[in-house]
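Enquirer: predicted model and sequence below, questions to follow.
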Amino acid sequence: MKVISNIIYSLRFLAELLTIVIFIIYGFKYQFPFNLLFGFILPTIFIIIWSLLIAPKAKIIVPVPLKFTIETFIFFTVFFIFKHDYSGMLPILYLMFAIVMSLLAKIVDYSRKIK
């Protein structure tokens, strides 16, 4: 079970990194004042929110449904940004991957609490 949970946590971390990379790449595609806003400031805000509320060792403890809601909001925000520029199946695959990994990580966390 430990190997499976480590794989799930690694894939979830990959989804988080992918979220940040997509956000930064598409943020810097805008003209001068907006590229700083969308490519630097907004990803930084999302990283701070993530580290304060969602990270495993977060400073502020929030209930699991609220964590999942915040994660889903961030994933959907990046999905819509990604979908705006690329209209293929890749944004949908990203969103499915990110949400499934988030759900599996929550299930693993719950199963660890039971034991």
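Expert: Good, I have the coordinates.
Enquirer: from here on, contacts and neighbour counts on C-alpha atoms
Expert: Fine.
Enquirer: so who does the most centrally placed residue in the chain touch?
Expert: Nearest to the geometric centre of the chain sits Glu16, at 4.2 Å (C-alpha atoms, centre = their mean). Applying C-alpha atoms under 8 Å, 6 or more residues apart in numbering to Glu16 gives the contacts Ala98.
Enquirer: next one: Ile47
Expert: Residues in contact with Ile47 (C-alpha under 8 Å, 6+ apart) are Ile20.
Enquirer: go on, the one 5 residues further on?
Expert: Contact criterion C-alpha under 8 Å, 6+ apart gives 58-60 as the residues in contact with Leu52.
Enquirer: name the nearest of those relative to Leu95.
Expert: Using C-alpha to C-alpha, Ala58 comes nearest to Leu95 of the contacts of Leu52, at 23.5 Å.
Enquirer: for the helix or strand of the chain with the lowest mean pLDDT, give me every contacting residue.
Expert: Counting by mean pLDDT, DSSP states H and E, the weakest-scoring helix or strand in the chain turns out to be helix 32-36, with a mean of 82. For helix 32-36, the external contacting residues (C-alpha under 8 Å, 6+ apart) are 27-29.
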